[in-house]
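Visitor: Just to be clear, the model below is a prediction. Sequence and coordinates:
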Amino acid sequence: MGTDCAVRIAGVWVTLLGLCAVLAAAPVNPRPLVASIAFSVANSSTNAFIAAFIGALLGELLGKHVLHKTAQQELAAEEELRRQQLTERDESGLKTIATAIEEYRVDNGGAYPKSLTDLSPTYLRAGSRIIPGSDPVTEYVYEHPASDPNFGDYDVKDNGAFDPTLDRLVNARDRTLCTRQTCKYIIYAQSFGLAGVP
């Protein structure tokens with residue numbers, strides 16, 4: 001009787017642990033399962049083992065499902081954070097290039113550089129011409145004269161891999177708020193700074 005009692009107690013504990021895991025992860029009402037397992041535990045030690053096994057198995061399966069969903073959510077959050085950080089670095093890179101262009105112009109009697117390579121190494125580190133996270137490595141596009149006369153004397157454009165809506169940029173063409181449909185690239189225009197373009 002002592003062994004049978006110990007087996008029943010162990011079975012109850014395993015069942016309870018399995019139930020805890022099931023209850024923690026169950027997206028549906030677990031009451032029928034709880035009642036079924038509790039009835040089995042009360043009736044025999046063999047049923048207790050079966051109930052404990054089923055409870056533990058369900059807990060394991062549902063726990064893995066919950067952990068998998070949590071891991072997916074964490075991965076999505078990390079990807080979103082990386083996207084935001086790369087967009088911030090992209091915008092910072094555009095501003096850095098614009099500052100270097102203006103410094104070059106001051107030091108060269110109002111003349112603009114012919115290309116971004118004219119800025120290195122005096123005004124701009126060579127790596128600053130590279131778009132963050134680009135693969136294959138891609139440099140910013142510098143246009144002088146600007147691609148649109150409304151942009152001023154020059155503009156600098158990225159590769160379209162970033163989200164102009166993150167910082168609520170306006171569309172450089174019509175001055176409306178950027179959406180994912182209306183803006184693909186982030187530019188720095190000499191006449192007004194950061195904006196989005198189709």
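Guide: Sure, I can see it.
Visitor: Domains in the chain, by residue range?
Guide: 2-70, 84-197 (automatic domain parsing).
Visitor: Of those domains, which shows the lowest average pLDDT?
Guide: In terms of average pLDDT, domain 2-70 trails the rest of the domains of the chain, at a mean of 56.
Visitor: ranges for the helices of the protein?
Guide: For the chain, the helices defined by DSSP state H cover 2-25, 31-43, 45-107.
Visitor: Tell me how many other residues crowd Thr182.
Guide: 17 (other CB atoms under 10 Å). Bear in mind the C-beta positions are built from the backbone N, C-alpha and C, glycine included.
Visitor: So it is in contact with Val197, correct?
Guide: No. If you go by CB atoms under 8 Å, Thr182 and Val197 don't touch, sitting 9.1 Å apart.
Visitor: Find the residues that touch each one of those two.
Guide: Asn171 (CB atoms under 8 Å, 6 or more residues apart in numbering).
Visitor: Just the terminal-to-terminal distance for stretch 146-153.
Guide: Terminal residues of stretch 146-153 are spaced 5 Å apart (CA to CA, to the nearest Å).
Visitor: Mind listing what's buried along it?
Guide: 146-147, 151-153 (16 or more other CB atoms under 10 Å).
Visitor: Equivalent analysis for stretch 88-106, please.
Guide: For stretch 88-106, a neighbour-count test (16+ other CB under 10 Å) marks 90-91, 93-94, 96-98, 100-101, 104-105 as buried.
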